[in-house]
Structures are given as C-alpha cells and as structure tokens.
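K.L.:
With the sequence up front, the predicted model follows.
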Amino acid sequence: MVITQPAAPGPAIRLDDLTKTFGPLHAVSGLTLEVAAGQVFGFLGPNGAGKSTTIRMIMGLSAPSSGTATVLGTDAWDDGPGVRARIGYLAGELALPPRLTGDAILGWTARARNVENRSRRHELAERFQADLRRPVGTLSKGNRQKIGIIRAFEHDPELLVLDEPTSGLDPLLQKQFDDLLAETVQRGRTVFLSSHELDEVQRVAHNIAIIRGGELVLADTVSALRARAPRSVELTFSAPVDKAEFDALPGVQVLGQQNGRLVLAVSGEVGPLLEAAASHHAIDILARPADLDVLFRSFYRAPQEVPVAR
Ligand SMILES: Nc1ncnc2c1ncn2[C@@H]1O[C@H](COP(=O)(O)OP(=O)(O)OP(=O)(O)O)[C@@H](O)[C@H]1O
Ligand SMILES: [Mg+2]
C-alpha cells in the first residue's frame, strides 16, 4: 500500500545553527536557512565549502555536531529513514553497483520504495537518452549520472535534494534538466540543489544561498541579487577624462581606460554617472545587463568584504 503524506506545512527544509566538525575542521558552521516549499533553491559554494556535508545532514545520513536540520517537518537525524522515504536524492559521489544495469538498479529502488512507475522511468530515460540496458560500470560518467537523475525523479517525490546533479551532462541534456526542474516545481514540488556552476543556478533557481568555509555568506532571491549586481557600462568621450572623478561616484568602479573610452562596473542607480558623463560631453554609451557572475565571484573570493545576510 502506498501512503501519500499530506504536504508538510511550513518550509520544506529548515536549518538551525547547523554545524559539523571533523576534529578541528568546521566543515559547516552555524548554518541557518529556510527553503520554502514549491521552489528551486540553489546552494552554491566553491570546492570544499561544505555543500555535500550539509546535504548529508539534510538527508539524515550524517549527525550534526550541533544544531538541527528539519526536513518536511521532521528532524532529519531523529528519523532518517522516514525523511529519506519522502525525498528524491542524488548524491554528489554517485555510487552504483557497477555490474547491474540501469533497469535493474531502478527496479530494485522502486521495489524498495514500494512505488513502481515504469512509464515515468522510460519517459525520463528517453528524455535523457539514458541506456538502461548496459551494466552501469561500463557507462561514461555523464551516462551514469543520468541513472542517478532518473532514480531521484522517478517516484515524483515532494522534495528533491540533488548534489551537483548536472556534473558531466552535456549542454543539451542540461537544458532537458532545466525543463524538468521547472515542471517539477510547477507541480508544487521543492528542489534543493547544490552546484558550483553560477550560471546554471541563476538560470533555474528562485533563491540562492552561498557558503564558503562552512559559513553562509549570502542568501537572497535571484531577482533581488540581479537588482544589486554590477552592470558593465562603456562610455566614449571626445577627449580623455579624469578617471578618478568617475571612480569617486557612488557605486561606480573604473575597470579600464583607453584614450577617450572608460569601462565601468556600476551598481545601484545610474543617475550620478549619467550626469558626470553629460558634463564631459560623452559621445557614446554601451550598457550590458546585470551580470550575476561578477557579484557571485566577489562572494566566492573576498571574505573580508562580505556581509552575512541571513
Ligand atoms: N568525513 C570527513 N572527514 C573529514 N573531513 C571531511 C569529511 N567530509 C568532508 N570533510 C571536509 O569538510 C569540508 C567540506 O567538504 P564538502 O564535501 O562538504 O564540500 P563541498 O562544498 O561539497 O565541495 P565540492 O564542491 O568539492 O563537492 C572539506 O574541507 C572536506 O575536506
Ligand atoms: Mg560536494
């Protein structure tokens, strides 16, 4: 018998002061964040930031040193099996029995879950061009990853926790994956995914958190981040101008100067810059849309300048 649990009230995931130490190393330090139900939440950070460690605590596979991970209303460590039964999980280091075929692995998982949906499996396999008939040990990394993705999505769980799901997928399949995420949240499911692909996450996620050195350095919506992200602006003047004057404008940073041309990064309002440009008789302007990458990179690299947003 399949028991369908009612959607949990409140956030899909809540981390409260979650901490994991390995001896002297603080792999995750005092992480507090909420993942609202029905959205794609992107969890970003450089290598070794603590993403997989956090995810293993969310899955109830690793005990927090202190703090809690509440998943679908249940403490993940108190009831790991109960929590895992309601999640589609893709581990960062996917371990599949090499001699078994995709079909055998997925069939076994489905029986263990008590949910078998072959038509969904074959629809997903077709979509990702996955070969379910060969032993997975003979498949390439990307082709093995597809089996892991199908396993996470096949039973249509209310929450998906995916640790770097697109590693090894080629760009066409990444697009398929983006579409699958969009359909999944449209049906009211929640997706928590880790990545170090800034570009991927800004494409698919509504909310983003960035961790570095085990600590949360930023949590915000993608749209709010876009509003804050620096735009690239190029101004051309009939004669060289004093770059220091432009550098001193609020939110303006001069990135380069060549004869009468200035290349700037501008965050916030552009009014003061336009006034200064007009007063120097600017003859041309070229502005590019906000680039989240530039903003993200600053969070990845410059610990001393980063405000903690919680
Ligand atoms: N079992 C363990 N024993 C000791 N240290 C560990 C263990 N697991 C993780 N760490 C350390 O904790 C830190 C965080 O590792 P984690 O795997 O969570 O990073 P990550 O953000 O997932 O990185 P990546 O992007 O490379 O997957 C690293 O310094 C890692 O070496
Ligand atoms: Mg990892």
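P.N.:
Looks like it arrived, so ask away. Ligands and ions are numbered 1, 2, ... in the order given.

K.L.:
Kindly export stretch 192-212 (C-alpha atoms) in PDB.
P.N.:
Only the C-alpha atoms of stretch 192-212 are listed here, as PDB (Å, rounded to 0.1, in the frame of the first residue of the first chain):
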ATOM      1  CA  PHE A 192      17.200  21.900  -3.300                       C
ATOM      2  CA  LEU A 193      20.300  21.600  -5.500                       C
ATOM      3  CA  SER A 194      24.000  22.300  -5.000                       C
ATOM      4  CA  SER A 195      26.300  23.400  -7.700                       C
ATOM      5  CA  HIS A 196      29.400  25.500  -8.300                       C
ATOM      6  CA  GLU A 197      28.000  26.500 -11.700                       C
ATOM      7  CA  LEU A 198      26.900  30.000 -11.000                       C
ATOM      8  CA  ASP A 199      25.400  30.300 -14.400                       C
ATOM      9  CA  GLU A 200      23.300  27.100 -14.000                       C
ATOM     10  CA  VAL A 201      21.900  28.200 -10.700                       C
ATOM     11  CA  GLN A 202      20.900  31.700 -11.800                       C
ATOM     12  CA  ARG A 203      19.000  30.100 -14.700                       C
ATOM     13  CA  VAL A 204      17.000  27.700 -12.600                       C
ATOM     14  CA  ALA A 205      16.700  28.900  -9.000                       C
ATOM     15  CA  HIS A 206      14.400  31.300  -7.300                       C
ATOM     16  CA  ASN A 207      16.500  31.600  -4.200                       C
ATOM     17  CA  ILE A 208      20.200  31.200  -3.700                       C
ATOM     18  CA  ALA A 209      22.500  30.600  -0.700                       C
ATOM     19  CA  ILE A 210      26.200  30.800  -1.000                       C
ATOM     20  CA  ILE A 211      28.500  29.100   1.600                       C
ATOM     21  CA  ARG A 212      32.200  29.400   1.800                       C
END
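
K.L.:
That one near ligand 2 at all?
P.N.:
No: using Cβ under 5 Å from the ion as the criterion, no contacts between stretch 192-212 and ligand 2 are found, and the smallest distance is 6.6 Å. Bear in mind the C-beta positions are built from the backbone N, C-alpha and C, glycine included.

K.L.:
ok, which stretches of the stretch 101-250 of the chain are helices?
P.N.:
Listed in chain order, the helices of the stretch 101-250 of the chain (DSSP state H, counting those that start in this stretch) span residues 102-113, 118-127, 141-153, 171-186, 198-204, 222-228, 243-247.

K.L.:
Ok, which of these comes nearest Leu31?
P.N.:
When those are ranked by distance to Leu31, counting by Cβ to Cβ, first place goes to helix 198-204 at 17.6 Å.

K.L.:
List the buried residues of the closest one.
P.N.:
Of the residues in helix 198-204, those with enough neighbours to count as buried (16 or more other Cβ atoms under 10 Å) are 198, 200-204.

K.L.:
For ligand 1, find the nearest of the helices of the stretch 101-250 of the chain.
P.N.:
helix 198-204 (12.7 Å; Cβ to the nearest ligand atom).

K.L.:
Figure out how far that closest one is from the centre of its chain.
P.N.:
Between the centre of helix 198-204 and the centre of its host chain there is 7 Å, according to Cα atoms, centre = their mean, to the nearest Å.

K.L.:
Please list the outside residues in contact with that helix.
P.N.:
With Cβ atoms under 8 Å, 6 or more residues apart in numbering as the contact definition, helix 198-204 has outside contacts at 40, 42, 44, 166, 174, 178, 181-182, 193, 195, 208, 222, 225, 292-293, 296-297.

K.L.:
Sounds good, over and out.
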